[in-house]
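*Asks:* sequence and predicted structure, then a few things I'm wondering about:
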Amino acid sequence: MKAAAVFPGRKSLSLVPDFPEPRIHTNTGVKLRILNVGVCGTDREIASFLYGTPPDGSDYLVIGHESIGEVIEVGPEVEHFKPGDLAIPMVRRPCNHPDCYACRAGRQDFCYTGDYRERGIMKMHGFMTERVVDDAIYMNAVPGAIREVAVLVEPLTIAEKALLQVLEIQKRLTFSAPPGNAVVLGAGPVGLLGAMTLKLHGYDVTVYSREREPNPSAEIVKAIGGKYISSQDCDINRMAAQTGNIDLVYEATGVSRFAIDVLHVLGHNGVFVLTGVPGNHGPTPTDTDAIMRDMVLKNQCVVGTVNAGKDAFENAIADLTRAWAKWPAAVNGLITGRFPIEQFTEPIGHQTGIKNIIEIGK
Ligand code: BGC
Ligand code: ZN
């Protein structure tokens, strides 16, 4: 089988033409024929050799963690999948420590030890290949109606996990209040999918991002009923004044300076969710008194979130189904480039458009 791989030792990327076909070797295994695999910033980091670890004993890592496949074979004890069904495998696998409460409870997205593995990222081959096998417990069923765009589910799970966290945190508000104003930082795929989710869940959404209008991301934001503001045209204070009380900030840029600057305008009882992973650019000064004063006097909360559990996958599949029915052109517009696996290095080498995908099967 063909597989797209990174070789960290010799700092190269190449197609492995004879990657061995995986076999079902447990009663609960599921084999997929991969249809599409998305490319994201994590893949670009792995391809720049900044991140990513091959499985023990391998000199390469097959990349790809945003996937959609069709079931072609199941083990004898698999109940909920049959050949022809669509499924999306989760990314993270639990650590082995007996006392990791999170992993032992199937919540490896909250792993305490850091010894988890991630398919296509950390010590496990990923999905940018023709066929993959995994246990049924890591598979999520996908309705045929969203087949064409289901590759967006995994990046959408980031927003869905964030929203679940926000809803948990805001249970502290024991009075009734509308969801309120959400500001999304960044208009890449994670930001735009976050904007869609927040819109579906009743927030007034403003996407605050660098690029000036007109641009395709701003069009998508407007198509879903959100507001787009360019940070080059409008500074943070003016953006905040236009928004009203900022109840939620959903950060999807990975630029820490920008995030901390926006933290200064978070509103009363506001929650600030961080999803980006910044590089190490060294310390930058900020007004810590102002931040601490506001956090206390305005009951604010800052929360980071990574990866996603089964609940977020299920919500992502349900919300993508709703979004696709409601805003087909906007959802379609997120996928801006399609490449055969032979050309996988192109979208990984340089970011163009919004979401690029590798088409492996039909
Ligand atoms: C993936 C997550 C993963 C994270 C860190 C992201 O791109 O979407 O599932 O946990 O990278 O490796
Ligand atoms: Zn990703």
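*Replies:* That came through, no problem. Ligands and ions are numbered 1, 2, ... in the order given.

*Asks:* who's in contact with residue 115?
*Replies:* By C-beta atoms under 8 Å, 6 or more residues apart in numbering, the contact set of residue 115 is 95, 96, 97, 100. Quick note: C-beta positions are derived from backbone N, CA and C, even for glycine.

*Asks:* and of the residues you listed, the nearest to ligand 2?
*Replies:* If you rank those by distance to ligand 2 using C-beta to the ion, residue 95 comes first, at 20.2 Å.

*Asks:* burial measure for that closest one, as a count.
*Replies:* Residues near residue 95, counting by other C-beta atoms under 10 Å, number 18.

*Asks:* excluding sequence neighbours, find me the nearest residue to it.
*Replies:* Nearest residue to residue 95 in three dimensions, chain neighbours excluded: residue 115, at 3.8 Å (C-beta to C-beta, 6 or more residues apart in numbering).

*Asks:* on that earlier part again, farthest-apart pair in the contacts of residue 115, please.
*Replies:* Comparing all pairs in these by C-beta to C-beta, the longest separation belongs to 96 and 100, at 8.2 Å.

*Asks:* for the two, indicate the residue with more neighbours.
*Replies:* A count of neighbours by other C-beta under 10 Å puts residue 100 above the other of residue 96 and residue 100, at 20 against 12.

*Asks:* surely residue 219 meets residue 336?
*Replies:* No: the pair residue 219 and residue 336 does not pass the contact test of C-beta atoms under 8 Å, sitting 11.9 Å apart.

*Asks:* which parts of this protein sit against ligand 2?
*Replies:* Remark: the part of the chain in contact with ligand 2 comprises 40, 42, using C-beta under 5 Å from the ion.

*Asks:* which strand runs longest in the chain?
*Replies:* Taking DSSP state E as the criterion, the chain has its longest strand at strand 29-39.

*Asks:* centre of the chain to the helix or strand that it is followed by, how far?
*Replies:* Sequence-wise, the next helix or strand beyond strand 29-39 is helix 41-47, with elements assigned using DSSP states H and E. Relative to the centre of its chain, helix 41-47 is centred 13 Å away, using C-alpha atoms, centre = their mean, to the nearest Å.

*Asks:* and for helix 41-47, what's in contact with it?
*Replies:* Counting by C-beta under 8 Å, 6+ apart, the neighbours of helix 41-47 from elsewhere in the structure are 6, 13, 51-52, 61, 63-65, 120-121, 188, 254, 277, 345, 348-349, 351.

*Asks:* what do you get for stretch 237-248?
*Replies:* Contacts of stretch 237-248 with the rest of the structure, by C-beta under 8 Å, 6+ apart, involve 166, 179-183, 198, 203, 206, 208, 229, 231, 234, 265-273.

*Asks:* for burial, what's the neighbour tally of whichever residue of the stretch 51-200 of the chain sits closest to ligand 1?
*Replies:* Using C-beta to the nearest ligand atom, residue 91 is the residue of the stretch 51-200 of the chain that sits closest to ligand 1, at 4.0 Å. Using other C-beta under 10 Å, residue 91 has 28 neighbouring residues.

*Asks:* who's in contact with it?
*Replies:* Remark: with contacts taken as C-beta under 8 Å, 6+ apart, residue 91 is in contact with 65, 118, 119, 120, 121, 154, 307, 308.

*Asks:* appreciated, that's everything.
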